[in-house]
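In: model this:
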Amino acid sequence: MPESPSSERATRLRELIASRQSGHGLPRAFYQEQAVYEAEIDVFWRQGWLFAGHTCQIPKPGDYFVYQVDTDPILIVRDDDGTVRAMHNVCRHRGMVLCSEEAGHVGRIVCPYHQWTYSRSGELVSCRGMQDDIDKSQLGLLPVHVEEMAGLI
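Out: Numbering: from 1, shown residues only. Okay, the predicted model is just below:
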């Protein structure tokens, strides 16, 4: 039975670590291998705090910027109450990227594919063409933990 991608990655990382010689620089593979890159993303980038930007980038409700973490586009937006929010910049319907510009201003967040519409705090407000009894409260944009401290996001 073939190994899963994660066990293949773990095997490759063990091999690379075993090839390291004390007192020498890291072998070239540490800088080029996909397995090392993926491990760094998982261990360092996805497990701790990341500086996304400054609050001055989004001074008014509806102002936003997009922050990319590997393949995950994150939307940082100031909502109608002035709160800084972060959410995945992907429509819950078909996975389309919502805000394609690096920064801008939105009244509502509208998917360019089927026009699913979200509030600036991420709630689904309109999903034209769907059944009437759809539970919109379960289909808002997926949040990302965000904090604001001394003007830093």
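
In: And the protein, what are its domain boundaries?
Out: 5-45, 55-138 (automatic domain parsing).

In: end-to-end on the longest one?
Out: Read that as domain 55-138. Its first and final residues considered, domain 55-138 spans 29 Å by CA to CA, to the nearest Å.

In: Quick check: closest non-adjacent residue to Glu102.
Out: Val66 (5.7 Å; CB to CB, 6 or more residues apart in numbering). In short, each C-beta sits where N, CA and C put it, glycine included.

In: Quick check: pLDDT value at the residue of the chain positioned farthest from its centre.
Out: No residue in the chain sits farther from the centre than Gly23, which is 37.7 Å out by CA atoms, centre = their mean. As predicted, Gly23 sits at a pLDDT of 92.

In: for it, helix, strand, or coil?
Out: Applying DSSP: H, G, I helix; E, B strand; the rest coil to Gly23 yields a three-state assignment of coil.

In: For it, which residues are in contact?
Out: Gly23 makes contact with no residue, according to CB atoms under 8 Å, 6 or more residues apart in numbering.

In: Now do it against Arg14, distance only.
Out: 21 Å (CB to CB, to the nearest Å).

In: could you say what helices and strands the longest helix belonging to the chain packs with?
Out: Criterion DSSP state H: the longest helix present in the chain is helix 5-19. Counting contacts by 3 or more CB pairs under 8 Å, 6 or more residues apart in numbering; DSSP states H and E, helix 5-19 packs against helix 29-32, helix 34-40.

In: buried stuff in stretch 54-62?
Out: Thr55, Gln57, Ile58, Pro61, Gly62 (16 or more other CB atoms under 10 Å).

In: Among the residues you listed, which lie within strands?
Out: Among these, none falls in strands (DSSP state E).

In: out of those, who's nearest Met87?
Out: The closest of those to Met87 turns out to be Ile58 (CB to CB; 13.4 Å).

In: what is the closest residue to the closest one other than its chain neighbours paired to in the beta sheet?
Out: Counting by CB to CB, 6+ apart, Ile58 lies nearest to Arg78, which is 4.4 Å off, once chain neighbours are set aside. Taking DSSP bridges as the rule, Arg78 bridges to Val84.
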